[in-house]
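Student: Structure of the sequence below:
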Amino acid sequence: MNGDNRYRPPAAEVEDIAVSEVVDVHQHDRATSDIEDFVRIATCGTPTEAHLLRGVLEAAGLTPHVADANIVQANTWMTQAVGGVRVLVPASEAEAARRVVEEFHAGAYELEGEEPRPVAFRALPSPVFSPDKAVLLGFLLTPAFAAGVHIANASLVGDATRRTGQWIWLALLSAMTIAGAVVMQRLAPGPLILFRTSFVMSFITLVWYFAAGQEQSKTFLATYGPRYQKKSLVKPALMAAAALLAVGHVLNEFE
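Tutor: Numbering: from 1, shown residues only. Below is the predicted model:
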C-alpha cells in the first residue's frame with residue numbers, strides 16, 4: 001500500500017473510453033465536412049421578390065436562404081450599396097436551382113389568367129455611376145457632387161426627361177454650399193472648410209435625395225435590374241476632394 005486511494009479504472013475500461021473519444025472525433029469531423037458553402041443564384045431588388053423566389057425554390061424541393069433582406073427592408077436607399085437581396089442555395093443544389101429560376105422567369109409557374117412577367121431587364125447603353133454611393137460621398141464632398149453625378153448618369157443613359165430639374169437642383173445645392181462655406185469660414189476657418197461644410201449640410205443632402213435624387217435609383221432598378229453595370233466613383237471622388245482642398249487653402253489664405 002502506498003497510501004494513494006484514488007480510483008484507477010481497469011485497463012479495459014480505459015481502452016473503451018479512448019475508443020469512444022476517437023469515434024466522437026470522427027463523427028464531429030464528418031459532421032463538419034457535411035457543411036456546404038452557399039452560392040448566390042439570384043439577386044433581387046426587394047425582400048418581397050427574394051422571398052417569392054425562395055418559395056418557388058422550396059416548392060421544387062431545394063433549401064434556399066435569403067440574405068440582406070433586413071438591411072434592404074430597413075434602408076431601401078442602401079439597396080445599391082449592399083448589392084440587392086441575395087438568394088442563396090447550397091453548392092450541391094446550385095445547378096438545379098438555376099434551372100428552377102430560369103423556368104420561373106420563363107413563365108413556367110404562372111397561373112392561368114395571370115399577366116406575364118417581364119422576361120429580362122433592359123441592357124444599359126453605357127455603364128453608370130451608382131446613384132446611392134454618390135449620395136454617401138456627398139456627405140463628405142458636398143451635395144453638389146452627388147447632384148452632379150446624377151446629371152452625368154442621365155447623360156450616359158440618354159435620359160432627358162428630368163434634365164431641367166436636375167440642373168436647377170445642382171445650381172441650388174451649389175449656392176447653398178457656397179453660403180454654408182462662407183458662414184463656416186467665419187466661425188472656424190481652415191483648409192478643410194468645404195469638407196466640414198459638407199458634413200454640416202448632411203440634412204440638405206438627405207432632403208435633396210428623398211425629394212429628387214432617389215427617383216434615379218428607382219428608375220435604374222426597375223429598368224436595368226439590381227445588377228446593372230456600374231462605373232467606379234474613385235476617380236471623380238478624388239478629383240472632387242482635391243478641388244475642395246485647393247479651394248479651402250485659397251479661402252484660408254485670404255482670411
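
Student: Tell me which stretches of the chain form helices.
Tutor: Under the criterion DSSP state H, helices of the chain are mapped to 11-33, 47-59, 69-74, 79-82, 94-105, 131-141, 143-157, 163-187, 193-200, 202-208, 214-224, 234-254.

Student: Out of those, which gets nearest to Arg40?
Tutor: When the helices of the chain are compared by C-beta to C-beta, helix 94-105 sits nearest Arg40, at 9.1 Å. Quick note: C-beta positions are derived from backbone N, CA and C, even for glycine.

Student: which strands and helices sit next to the closest one?
Tutor: Judged by 3 or more C-beta pairs under 8 Å, 6 or more residues apart in numbering; DSSP states H and E, helix 94-105 is in contact with strand 38-44, helix 47-59.

Student: Which parts of that helix count as buried, going by neighbours?
Tutor: Neighbour counts over helix 94-105 (16 or more other C-beta atoms under 10 Å) mark Ala94, Ala97, Val100, Val101, Phe104 as buried.

Student: can you check stretch 187-199 too?
Tutor: Pro191, Leu192, Ile193, Leu194, Phe195, Arg196, Thr197, Ser198.

Student: end to end, how far does that stretch reach?
Tutor: 15 Å (C-alpha to C-alpha, to the nearest Å).

Student: Could you check how far Lys218 is from Tyr209?
Tutor: To Tyr209, Lys218 is 12 Å away according to C-beta to C-beta, to the nearest Å.

Student: So what does Ser232 have for phi and psi?
Tutor: phi -70, psi 140 (degrees, to the nearest 10).

Student: Look at the residue nearest to Gln216 when sequence neighbours are not counted and report its pLDDT.
Tutor: What sits nearest to Gln216 in space, not counting adjacent residues and going by C-beta to C-beta, 6 or more residues apart in numbering, is Pro131, at 4.7 Å. Note on Pro131: pLDDT of 92.
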